[in-house]
Every structure is written in structure tokens, then in C-alpha cells.
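Participant: pasting the sequence and the predicted model now:
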Amino acid sequence: MVIFMNKCSFCGYGFSNEAAVQSCGGCALYRTCGKLKCPRCGYEIPKEPGIISWYKKRKGDRQNVK
Amino acid sequence: MDCCPPKSKLTFQRLKKALRIQQSNEKIDFHGQNKLILVGTPNVGKSVIFNSLTGAYVTVSNYPGTTVEVSRGKTRLTGETWEVVDTPGMYSLMPITEEERVTRTLLLEEHPEIVLHVIDAKNLERMLNFTLQLIEAGLPIILVINMMDEAERLGIKIDFKMLNTLLGIPVIVTSATRGHGLNLLKNAISEYQQTSSLGRSVNQYANRYA
Amino acid sequence: MLTATLNSTIYDANIEAVLLKIEGLLLTSYRLSRRAIAVLLLQGDEEIHKIVAAQDQKNYTHIQQLIDQTQAGYSESLHFLLSLQRQKKASFLSQQVMSTSKELDPSLGEHLSRLTLRPLTGIPILLLVIYYGLYQFVGVFGAGTLVDYLESGYEATINPWINGLIDSHIPWLVMQELLGKEYGILTLGVRYAVAIVLPIVGTFFIAFSIIEDTGYLPRLALLVDRVFKSIGLNGRAVIPMALGFGCDTMATMVSRTLETTRERIIATLLLALAIPCSAQLGVILAILASQPLALAVWAGFIVLVFLIVGFLTARLMPGERPSFYMELPPMRWPNWRNVVTKTYTRMQWYLLEVLPLFVLASVLIWLGNITGAFQQIVAWLEPVVNWMGLPDETTPAFLFGFFRRDFGAAGLFDLYQTGLLNGTQLVVTAATLTLFVPCIAQFTMMIKERGLKTALAIALFIFPFAFLSGYVLNWLITITGIKI
């Protein structure tokens, strides 16, 4: 099975989208802020825009489950 | 518990339940097959080891009641079937993230026969910290030092026999991506299983009384 | 051969003794060894504490006493201490079994990494990065060259063209003012966004993405943390959030760890004052770049504010994860594809946030204009602005700034271009703007977290405080006679 993992550009921690959601706690801006929060170090990265995901898929650039 | 969002309230209850043991030290719910759980930080090659043990039928599902994903597969070793479970990255027995919290609860709830602690040979020093915690906890540990080929390229050598003596647990060295050491690992798993069913307490720390 | 005999103790004699005592008090059988439970209790694991408190009620208070007594005997937190001692044991063990061959040359990456971490070499490196990356590229090139080009182009060609179209096609003055003329959507809102903010933020994001891709940031965090620690502060938590696009930093940090409502309010207030939002700060920084001395003063001011935040986090949030937990990813050459992707991602995110807000701001101003409210507020605010040593024309910039700091910064830039502000005034305005509540979104968050009344109270405190600080800064500069 293939699952999409994000890599925190600060600490290198790999996490799934769901894990990022958890680390947002009860933040009011969840869903509207467009960012993912690394569960390890709290660094926030903007979510990948559609164009880039599309481009990556075309190039077959996928990561396997940890 | 205003600190925890609703989801982890669920896992907390389960942690509570999982920590409790009834009177005897027998396995209460014998789940019919042996269980092996892999723990370790991310990027140490856990998934490669997991894949080399399991094969085609792997399921990835959420640990019940959480959004944490866990991979499960099966393997056959010397005539026995094992269930193999891969966990999200864990740095310590004291969790920071939700995933670590869930992994801890999982470790206890599923009471595995064996826990494989997979570490990166290049980072032995830092990762041994967690190994010590696991030994302290009385869990049935086998230490797997992976990515040995990369360490060797940097000129690092590890005397695993000595480490085995110092720690008192089996130590296996592997290069999972090259397939080295995997048979040794499988043997160690089978052997461990045999001897631990004889003596209940394989660890001096398990349930020490004052 | 499988009996685990860890043939020596892990922690110091004191701690080992306490562990034994606690183990004796744990009457329930747990699936983890008693010792592990004892260790987790000493380290302050919340979940375990709750469980033991419930299961071993009889002895829990005694256990808690033992823990407190033990903690009293040490200056560091037990959490940190135990991890540290365990790590020492781990290091000791690994030294006994590991050997490295002598002839190995540390690769360039590791060497560089070490250089960035030591304060002696790390701080100069940081200054270099800031000078070239931010000052030269973002400030001089971005805010200077690019913006000049775009702004003058916009004002020379697009504005007149739009106003021309409006004059010929739209009869009502009201409508004209909505879209064009002085504060219109197209002539002000969009112009600010596209000609001022966009080039600055674009260059900022490019520079940031390059730096980020090299893997420098966590090292920077550790460096700053070291410096902070040497003056007794705690930088650990603030840094990844601050360097990231940590707008919502505030709520998360605060709500997670603080106990009493009062503490949370105080922390929210103080953090709202100082919270860096890197994109917005980037704009202000770039604008100041044309006057190096102004930049230095502003930077010093901001550092002061940062230190205060660090001080607060140290006071209000004790018990941190020990420093060695962070795995540093190796340093590498930036990959142009990553940089492009990241820059694009950030720009899209930023524009999607900013453009609507700027347009909305224009509309609000337009409304304010029609109703005369805008002029009213400006009239009220002018004396305050003058009091800080600033000319009347700066007032609209502050009004913009209430709404969103980068909008205010863009207005500020406009003014500076037309030569209405001298260096001192530039710094004072910039500093005051920096202290405002970061943006509407954050304000909404405060409302959600603390309730409308508290949020309003906090905002009502912050704005006067910001102006006051501006006044103080102005006074300081005049007193010391620094010529900017």
C-alpha cells in the first residue's frame, strides 16, 4: 500500500497528513490556514498545491509507507 | 483532562487498561499466534525489515479509535506463524506526539512475544538510550542494529557480542537493504521464543518487588 | 544467554534509591516493569501519573512526596536529569563497543555542520547568511530594485489607465473611488499586493527556501538555543515555530501547556505582542533595508522583544525535552527543484491569504471614506501619530496596519518612497507596526480560544502599548542623537 508522507523540512521527521492534523490541537484556523504542522518540532509547512502534486504523480515520484 | 483532544482520551483509557495485569503472570488472552512488534525512530530501515519478514499480505490500518496508521503482516519462522506489526517512529517511552502515545499503548495492549528495537548503526550512541528504556521496562527485546553497511563505509565497527554481554539481550547486526543478517535475525527470533517460554522472567527488571 | 543482566546501574545512587522506594509503593501489578513505571513517574509522564494515582491511590501521595523531595535536591528538572544520565550510560556502553578508524576524513558537510553549531563560528556564519541572503538579496534587490521597477511601472502606466477607464465608464464617484482613485481596490489594494509585497515576499521566499533546503535551520535553532540557554532562557520551542510560518503558533503553544486561565491570558497577551510571523516580518525588514542603521535599530528592538518572549516561555513552560533529542538531517547543497517547489508553494499560500485581505481592506476603507468614518478615525489618530514624531500622512499606514501588518508596511513604503519620512520616523513606524497583533486571522483565533471579551481586551491593550513603545523608541533615538 502506498501512503503519502510529508517530510518536515526542519527536523526531517516523516509524517502523514493525519498526524499533522493531530498536532494542530484545537486550533481555530484548522482547515483554513493551509499548512501542515510537524508533530515532532512544531514547524509549519504550507500544504503542497495541486499543481505540484499532479506534476509529481506524473513523474511517478511516490514514497512508500515507512 | 483538558490537555488532550478527544481522540487521545480514548487511547488513554486503553493505556490504563493495558497496563493492568491480573494476578498470575500467565498470558491471559492467548491470541493463537505469536506476535512481533517493531519499534524504533523513523529512517532506520524498519520498513525494509518489516517487508523482508512479511511478504505480500500486508494491511495498513488505523489503530482502532485513532488516526495513527499501523502496518501488519504475517511471517512463518521454523514452522510457526507470527504476526508482525510495524509502528510509527518512537524516540522514547515518554511520548511527545500522539503517534508515540499510541505506539506505547499498542506495545502494551498487544503484549507481543518479541519486540524488535531497530536502530541505525551510525547512531548507536543516541539510540541506545531508548534500548535501555525498553530493557528497563521488562519488555522482551531483541536489538537490531541496521544499516551496518553505511556505518562500515564510515569506518565504524561495532562489537555486538560485547554489547550482547553488556546489555544481556540478543544483538543482531543487519544491512536490511542488502539482505545481510536477516537469517540471523529470524533465527534469533525463533530461539528467543523457545527459551522465554521456559523461564517467565527473562529480565531482572520485570516486576521487581521491594 | 538470554537473561538480561544489565550489570551496572543506570542512574546515580540517589535516584536508584528513590526508584526502589517507589517500586515498593507500587502495589498493583503493571504490564510494564515497576521500575519503568517509577522512572516514568519521576520524569513526570502525565498519563502514567494519572493511572498510578487511580490504581495505587493509597500510596500515590507518598510517591508524589518522594518525587518532590527528590526534585528539590536537583537544580534541573528530573525529566531532563534522568534522560541525561541514561544517555551518559548509553554513550558509555557504545564507546565500549564501537571503534572508528582514524584515517577517516569528516566529510565537508559534517565539518560545516559543526561550524554552524558552535557559537564562535556559528554566529559569524549566521550574520553572513543574513547579510547576503536577506539584506542584499531581499532588501537591496527585492525591495529596492524590483519594487522600484514594478511600483513606478504600475503608477506610471496601470494606475492612469485604470483611472481613465473608470472616468469614462463609471459615472458614480462612489463607485469610482471603490475601484480606483486614491484608495481603490485596483489602484491601492492590488497595487500594494502586486508591486510592493509580492516582489519582496517572493525574493524572501526564494532566499528562505534555499536556506531551508540546505538544512541550516535546525542548526540555527540549536545555536540560538545555546545562546539563550547561556543567559538562562529557553529558545527551544519558539524557534521551529517562529522560523516556520508560525502564525498560529500562539494558540498552540499556550493552550497546550498552561494550567490556569490567568496564566494563559497573560501568555496569550504577551505572545500576541511579540509573535513573529516570518513572512510579514520579511516585508518590514526589506523595507528598512535601504537604511542600514534603521535596520540595525529595528533589529535590536526586535531582538529585545524576542528575549522577553524567551524569558516568558522559560518561566511559564518548565520541563523541556533534553537538547540531544533532535536528529539533525545532514547538510546538503540546495536542490533547485526543491527550491522552486517550495517557493512556489509558499507564494501561492501567501497570495491566497493576502490578496483577498488587501482587497477587503480597500473595500473597508472605501466604506469608511463614504461614511466619513475613515476621516474621523484619521483625525483622532493624528495627534497620537504626531506625538510619536511622525507626520500626519503616516496615519493611514497605521490604520492599514491594524488590519494587517504587511498592508501597513506597504503603505509605509509608499510614504518613504515619496520622501515624507526620514530615517528615524521610518524605524519608529516599523517598530510600532511590528508590535501590532499579527493579523485578522490571529485575532479570530484569539476570540475562539479566549472568548470575545478577552480577545478585545488584549487587542485594546496591545495597540496603545505599541504606540507607547513607538513613542519611547522615538524619544530614545532623539535623546541619544543617533542620526539615521
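Facilitator: Thanks, I have the structure now.
Participant: need the strands for chain B, in chain order.
Facilitator: B:34-39, B:59-62, B:69-77, B:80-86, B:114-120, B:141-146, B:156-158, B:171-173 (DSSP state E).
Participant: deepest of those, which one?
Facilitator: strand B:141-146 (a mean of 26; mean count of other C-beta atoms under 10 Å in any protein chain shown). All C-beta spots, glycine's among them, are computed from the backbone N, C-alpha and C.
Participant: residue C:43 is in contact with residue C:83, isn't it?
Facilitator: Yes. At 7.4 Å, residue C:43 counts as touching residue C:83 under the criterion of C-beta atoms under 8 Å.
Participant: so what sits against both of those two?
Facilitator: Counting by C-beta atoms under 8 Å, 6 or more residues apart in numbering or on different chains, residue C:43 and residue C:83 have no shared contacts at all.
Participant: which stretches of chain B form helices?
Facilitator: B:6-19, B:46-54, B:98-109, B:124-136, B:148-153, B:160-167, B:182-198 (DSSP state H).
Participant: turn these into TSV, columns for mean neighbour count and mean pLDDT.
Facilitator: Rendered in TSV, the data for these read as follows (neighbours: other C-beta atoms under 10 Å in any protein chain shown; pLDDT from 0 to 100):
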stretch	mean neighbour count	mean pLDDT
helix B:6-19	17	64
helix B:46-54	21	86
helix B:98-109	24	85
helix B:124-136	22	88
helix B:148-153	16	82
helix B:160-167	17	85
helix B:182-198	16	70
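Participant: quick one: low-confidence parts of chain C?
Facilitator: Applying pLDDT under 70 to chain C picks out residues C:1-8, C:100-109, C:227-282, C:289-291, C:305-330, C:437-442, C:444-446, C:448-450, C:483-484.
Participant: turn the helices of chain B into TSV, including distance to residue C:340.
Facilitator: Formatted as TSV, the helices of chain B follow (distance: least, C-beta to C-beta, whole Å):
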stretch	distance to residue C:340
helix B:6-19	37
helix B:46-54	29
helix B:98-109	31
helix B:124-136	34
helix B:148-153	30
helix B:160-167	45
helix B:182-198	40
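Participant: same list, those, but as TSV with distance to chain C please.
Facilitator: Shown next, in TSV, are the helices of chain B (distance: least, C-beta to the nearest C-beta, whole Å):
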stretch	distance to chain C
helix B:6-19	5
helix B:46-54	15
helix B:98-109	5
helix B:124-136	4
helix B:148-153	9
helix B:160-167	5
helix B:182-198	5
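Participant: chain A: which of those helices is closest?
Facilitator: The closest of the helices of chain B to chain A is helix B:98-109. By C-beta to the nearest C-beta, the value is 4.3 Å.
Participant: dump the C-alpha coordinates for the closest one into CSV.
Facilitator: What follows is helix B:98-109, C-alpha atoms only, in CSV (Å, rounded to 0.1, in the frame of the first residue of the first chain):
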residue,chain,number,x,y,z
GLU,B,98,0.2,11.4,19.5
GLU,B,99,1.8,8.7,17.5
GLU,B,100,4.2,7.9,20.2
ARG,B,101,1.5,7.8,22.7
VAL,B,102,-0.5,5.4,20.6
THR,B,103,2.6,3.2,19.9
ARG,B,104,3.2,2.9,23.6
THR,B,105,-0.4,1.9,24.3
LEU,B,106,-0.1,-0.5,21.4
LEU,B,107,3.0,-2.1,22.8
LEU,B,108,1.3,-2.9,26.0
GLU,B,109,-2.1,-3.8,24.7
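Participant: that helix packs against which elements?
Facilitator: helix A:17-23, helix B:6-19, strand B:34-39 (3 or more C-beta pairs under 8 Å, 6 or more residues apart in numbering or on different chains; DSSP states H and E).
Participant: ok now it, how far from the chain's centre?
Facilitator: On the basis of C-alpha atoms, centre = their mean, to the nearest Å, helix B:98-109 sits 11 Å off its chain's mean C-alpha point.
Participant: how near is residue C:192 to chain A?
Facilitator: Distance, residue C:192 to chain A, by C-beta to the nearest C-beta, to the nearest Å: 22 Å.
Participant: closest one to residue C:79 among the helices of chain B?
Facilitator: Closest to residue C:79 of the helices of chain B is helix B:124-136 (C-beta to C-beta; 13.2 Å).
Participant: close to chain A, is the closest one?
Facilitator: No. Helix B:124-136 does not reach chain A (C-beta under 8 Å from any C-beta of the partner chain); its nearest approach is 14.2 Å.
Participant: contacts for that helix, please.
Facilitator: Residues contacting helix B:124-136 (C-beta under 8 Å, 6+ apart): B:39-41, B:44, B:90-93, B:115, B:117, B:119-120, B:141, B:143, B:145, B:158, B:167-169, B:203, B:205, C:4, C:6, C:10, C:33, C:35-36, C:39, C:83, C:86-87, C:89-91, C:93-95, C:97-98, C:324.
Participant: got the angle for it vs strand B:141-146?
Facilitator: Angle, helix B:124-136 to strand B:141-146, by axes from the mean of the first three to the mean of the last three C-alpha atoms, to 10 degrees: 160 degrees.
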